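Trainee: Sequence and predicted structure, then a few things I'm wondering about:
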Amino acid sequence: MRFLAITLFLACSANAAELRWCLDHFPRYHEFNTSNRQPEGPSVQLMQHLAKVADFKLVIMPKTPPKRCFQLIAAGEADVMTNLLHKPEREEIMTLIPMGAKRRDSFIVRQDEKRDLSDASRLRHASVITVHGYHYEQNFVDFLKNFPKEQLTEVADIQSGLNIISRGRADVLVAPSMPALTVAIENFPPNTFTRIKSPWVLPTQSLVYLGLSKNSVTPELADRVKLALEQAITDGTVDKIFATQAIEKEVAKLKDANGITAKNPE
């Protein structure tokens, strides 16, 4: 495969292996906002840290939809993806290494929504929007199996879903919390949306993973990356990079300033 990519030469050895990172635009984590096509965000900082510690050259591929990234991983034409949920089919083609805990998905409705759609029985009669390429918590996936198809819309990105909700053409957008809140706060007037509580209580908190292609990454390099990531979690580097508490406080302030209320969403 031919593509333009950005190689970051950090403090690695001259003969260090390359890891091709396949990624899409993901607000708050890795964002393609700069003119030089270089993504920014905490996921980029983490990958740069791992490249230095595990001694590899990080090659950042162009912005690529997740579905295509998985195809490239399976074919050995990309090496690594980040912020993944665990799926058996992914484990067949990737070595999955825990990165940390996953935040709950957000259920977002218009501010003037009167129904209590945090109840699953009522949600079944609503129109729901999901985001293409995003993998949801299992309870919601199971719920959608018997959900009326005519009430379900899949959109390409969070912005499109929020546009539909804001115009009253659908009832609920289900999306990853931090990116969804960021898009809502930065692109819509105050008092447009409300987050509602998820209809389901998860018995345990889900994890997100870094995935290494089994068809292109050597076991030796995979072990080095695993050790480097485990060390970064243990010594607090991951928490520092993602600034979890700081980001949550920042979003809370933005919600207060922009009228994004939350009716017991967590």
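Mentor: Right, received. Where do you want to start? Numbers count the residues shown, from 1 in each chain.

Trainee: Taking the centroid of the chain, which residue is nearest it?
Mentor: Central residue check for the chain by CA atoms, centre = their mean: the C-alpha nearest the mean position is that of N83, 5.5 Å away.

Trainee: Can I take it that that one is in a strand?
Mentor: Yes: residue state for N83 (DSSP: H, G, I helix; E, B strand; the rest coil) corresponds to a strand.

Trainee: thinking it is in contact with V208, fair?
Mentor: Yes: distance between N83 and V208: 5.1 Å, which falls inside the contact criterion (CB atoms under 8 Å). Yep, even glycine has a C-beta here, placed from its N, CA and C like the rest.

Trainee: shared neighbours of these two, which are they?
Mentor: M99 (CB atoms under 8 Å, 6 or more residues apart in numbering).

Trainee: Give me the below-cutoff pLDDT ranges for the protein.
Mentor: Applying pLDDT under 70 to the predicted model, the residue ranges of the chain that meet it are 1-14, 34-36, 201-205, 244-266.

Trainee: Identify the residues contacting the residue nearest to the centre of the chain.
Mentor: With contacts taken as CB under 8 Å, 6+ apart, N83 has the following neighbours: 26, 29, 43, 99, 208.

Trainee: Which element, helix or strand, includes the third one?
Mentor: Under DSSP states H and E, the secondary-structure element containing S43 is helix 42-54.

Trainee: For that helix, enumerate the helices and strands it packs against.
Mentor: For helix 42-54, the helices and strands in contact under the criterion 3 or more CB pairs under 8 Å, 6 or more residues apart in numbering; DSSP states H and E are strand 56-60, strand 80-84, helix 219-234, helix 237-242.

Trainee: measure G100 to R195 for me?
Mentor: Noted for G100: a distance of 22 Å to R195, by CB to CB, to the nearest Å.

Trainee: So those two - more neighbours on which side?
Mentor: Between G100 and R195, counted using other CB atoms under 10 Å, R195 has the larger neighbour count: 22 against 18.
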